[in-house]
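Asker: Mind looking at a prediction? Sequence and model below.
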Amino acid sequence: MGIENYLMGILPPPGTYGQLFAGNYTANELRDNSGDRLGVSFDLRVTTLVPRFIWVTEQKVLGGDLGFHALLPLNDIRLNLNGQRDHKRGIGDAHLGPVVGFHHSDKLHTAVGVDFVVPTGSEYDRNDLVNLGNNYATIQAVYAVTYMDPVGLNADVRLMHEYNFENPDTDYKSGRELHADYALGWGLGNGWVVGVGGYVYKQISDDRQDGDRVSDNRGRAFAIGPSVQYSSPSGWALSGKWQNEAGVRNRADGDAFWLKLTVPL
């Protein structure tokens, strides 16, 4: 969550495009259902590279441009929990799906799509402290909006609803989730946009273990931090942001740094 930045709701013209996300997340606190810090020794670091391929076709759907995307995270995860250590490096869970983009004006753009998260993460073991993937599939509905002004307001939001399937190795099913990446900034007229960005997350249904409801375990979080982007006249764009988490429940509490590079292929 929070991986996206400016231009998240605009589908580019027909063609092929490459993106590369690079991120680093660190946390040394775990929060319970009341938001209190759990009394455990906890140190987590996740470093990831996420290559993404986008293909925008000439096909129209309901007046919008039809496109497809796929991404595959490359993760490095280190965890120290009460003196126990684990470290894994490799492929995470792939995301892929169709998207339809609409251009309402030169400044306002929207996109709607469905993402399928495939459990491609390697080396899953239910007894390990960390794993590179979730070991279950997820269907994610996506709606995104971009308002873009080179010399004024820039506002983006990407809304997502996730339905998670059961992990067959643990008989555990995570609840449905709502979350949104957002960015708000001001265009300086020379390709630069400066502002803030982050995400909002809330779990909206209970987890289930062996079919039984797990109470008082719904996660939530909010993150915000500075964000900046440069768009070149030749079509490539680079953005970066740092975000700090707050209001965390039933999750790790930390901060992240993200870079996002987009280039036409």
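Answerer: Right, received. Where do you want to start? Residues are numbered from 1 along each chain as shown.
Asker: For Asn135, list the residues it contacts.
Answerer: Asn135 makes contacts with 119, 121, 124, 167-170, as judged by Cβ atoms under 8 Å, 6 or more residues apart in numbering. (Glycine included, C-beta is placed from N, CA and C.)
Asker: For it, which non-adjacent residue is closest in space?
Answerer: Take Asn135 and drop its neighbours on the chain: the residue closest to it by Cβ to Cβ, 6 or more residues apart in numbering is Tyr124, 4.5 Å away.
Asker: Correct me if wrong: the one you found contacts Pro168.
Answerer: No - with contact defined as Cβ atoms under 8 Å, Tyr124 and Pro168 do not form a contacting pair (10.2 Å).
Asker: How about the residue lying farthest from the centre of the chain: what's its closest non-neighbour residue?
Answerer: In the chain, the greatest distance from the average C-alpha position (Cα atoms, centre = their mean) is reached by Gly83, at 29.7 Å. The shortest distance from Gly83 to any residue that is not its chain neighbour, by Cβ to Cβ, 6+ apart, is 6.7 Å, and that residue is Ser41.
Asker: Can you list phi and psi of that neighbour for me?
Answerer: When read as degrees, to the nearest 10, the backbone of Ser41 gives phi -80, psi 120.
Asker: and if you look at Trp236?
Answerer: The main-chain torsion angles of Trp236 are listed as degrees, to the nearest 10 and equal phi -90, psi 160.
Asker: and Asn167, how far is that from Leu44?
Answerer: To Leu44, Asn167 is 20 Å away according to Cβ to Cβ, to the nearest Å.
Asker: what about this protein, any weak spots by pLDDT?
Answerer: Applying pLDDT under 70 to the chain picks out no residues at all.
Asker: Would you mind finding the longest strand in it?
Answerer: Identified as the longest strand of the chain according to DSSP state E is strand 42-61.
Asker: Strands of the stretch 101-250 of the chain, start to end?
Answerer: Along the stretch 101-250 of the chain, counting by DSSP state E, counting those that start in this stretch, strands occupy 108-118, 138-147, 153-164, 172-173, 177-187, 192-203, 207-209, 212-214, 220-231, 237-249.
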